[in-house]
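In: Sequence unavailable; structure follows:
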């Protein structure tokens, strides 16, 4: 060591150049305040930012928020900081978020730096959706549920296949990085992944371009992801897959309201979300949480699907029908929440068999109750996407010269 070089004082702790208070503050502009509809930096809700040796501490004003909003805000703040650390290649040990009882100082124009000193991201309106990292995809639709076991992946797969059968260019992303099911449901076991110029080539099956983490890891390996790892895995599947031009990208989300959903909402410009639920009340309770999560993240809920609405024993002649979980509860839930009801799907033996052998196309065999239900679901989704696109201003005038 050259003694002529200045040495840091013993009391000083070197700070990582990839993570600073200012960079964390900029990352927090991705988080919307639950009641004010603007980012928490813009409304003056960020009271304190501290970072040292892999530990970040954020204090946010949360006066007037109820407990659910406070919990959601804490999750979003922590997720934004973790995502920023991951992108900056900084190992983050922990994020501590404190929500205080004082109200944000929403009107503090003098405290804001001049526009010329703000970054382009900070100057964007807080209500503006994130710029799309997939500019060649017209519509991105998330399929989620508040709990597991309600058939979310079944709905996502059949929506994608149904849209493709109508002539749309469709992609299907298995965002359930904890329990990917697309390798089985699409019959991908004998197909190996291909990488060209550092881009993963999607599998083209049943008229759909598909990608799943299940084909990039050992099929029997447990997928145990910490928050930053989950962010990175989802972003890799999204941004490093060669999707090409698509009319629709359907994203099958993991159950619940965790890190992957937050990453998706922060990095992708979604057309909307579909929530899947079964008829019984215990499933409806969790579906409401999923609806509120999407609304909290600024993602329009295109509608709710009632899966397992009835069981049809189609091996009997004539087929016999059973209401295993009750029936019609999701339609009433949609009415209560003021959301579109996209349709109901029955359980059939053929649906299970086709999923196990990776042949979702067989679900659309003409003349069956299942095919009719799927066609209704696809039609209703197309209609809701058209309405959502109009509301988002996605329609632009065109000039045809002949």
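Out: Here it is on my side, so go on. What you are looking at is a predicted structure, and each value in this text was computed from that prediction instead of being measured.

In: So which residues of the protein form strands?
Out: 46-52, 55-61, 94-100, 137-144, 170-174, 194-196, 199-201, 203-205, 208-212, 246-252, 272-277, 301-313, 320-322, 341-348 (DSSP state E).

In: among those, where is the model least confident on average?
Out: Ranked by mean pLDDT, the strands of the chain end with strand 320-322 at the bottom, a mean of 83.

In: just checking, what packs against that one?
Out: Of the remaining helices and strands, those touching strand 320-322 by 3 or more CB pairs under 8 Å, 6 or more residues apart in numbering; DSSP states H and E are strand 301-313. Where C-beta positions appear, they are placed from N, C-alpha and C, glycine not excepted.

In: Okay, now the sheet partners of the strand it packs on, with direction.
Out: Sheet pairing of strand 301-313 (DSSP bridges) gives strand 272-277 (parallel), strand 320-322 (antiparallel), strand 341-348 (parallel).

In: Identify the residues contacting the second one?
Out: With CB atoms under 8 Å, 6 or more residues apart in numbering as the test, strand 320-322 has contacts from 310, 311, 312, 313, 346.

In: How about stretch 323-336?
Out: 277-281, 283-284, 287-288, 303-306, 308-311, 340-341, 344, 347.

In: Stretch 156-163 too?
Out: Residues outside stretch 156-163 that contact it (CB under 8 Å, 6+ apart) are 141, 143, 170-172, 182, 185-186, 206-208, 210, 247-248, 250-252, 274, 345, 355, 360-361, 363-364, 374-375, 377-378, 381-382.

In: rewinding a little: hey, which of the strands paired with strand 301-313 is tucked in deepest?
Out: Per-stretch averages of neighbours, counted by mean count of other CB atoms under 10 Å, single out strand 272-277 among the strands paired with strand 301-313, with a mean of 27.

In: how much does it deviate in direction from strand 246-252?
Out: Using axes from the mean of the first three to the mean of the last three CA atoms, to 10 degrees, the direction of strand 272-277 lies 40 degrees away from that of strand 246-252.

In: where does the chain dip in pLDDT?
Out: 1-17, 37, 106-133, 177, 179, 217-232, 256-259, 393-402 (pLDDT under 70).

In: what's the offset of stretch 85-93 from the middle of its chain?
Out: For stretch 85-93, the gap between its own C-alpha mean and the chain's C-alpha mean amounts to 21 Å (CA atoms, centre = their mean, to the nearest Å).

In: in that stretch, what counts as buried?
Out: 85, 86, 87, 88, 90, 92 (16 or more other CB atoms under 10 Å).

In: Residue 359 contacts residue 187, doesn't it?
Out: Yes. A contact is recorded between residue 359 and residue 187 when judged using CB atoms under 8 Å, the distance being 6.4 Å.

In: Of those two, which one has the most company?
Out: For residue 359 versus residue 187, neighbours defined as other CB atoms under 10 Å are more numerous around residue 187 (19 against 16).

In: dump the residue contacts of that one.
Out: Applying CB under 8 Å, 6+ apart, we find residue 187 in contact with 205, 357, 358, 359.

In: One more pass at 10 Å, please.
Out: When contacts are counted by CB atoms under 10 Å, 6 or more residues apart in numbering, residue 187 is found next to 203, 205, 206, 354, 355, 356, 357, 358, 359, 360.

In: okay but residue 268 is in contact with residue 135, surely?
Out: No. In this structure, residue 268 sits apart from residue 135 without contact. The criterion is CB atoms under 10 Å, and the distance is 11.1 Å.

In: between the strands paired with strand 301-313, which gets nearest to residue 199?
Out: Closest to residue 199 of the strands paired with strand 301-313, according to CB to CB: strand 272-277, at 26.8 Å.
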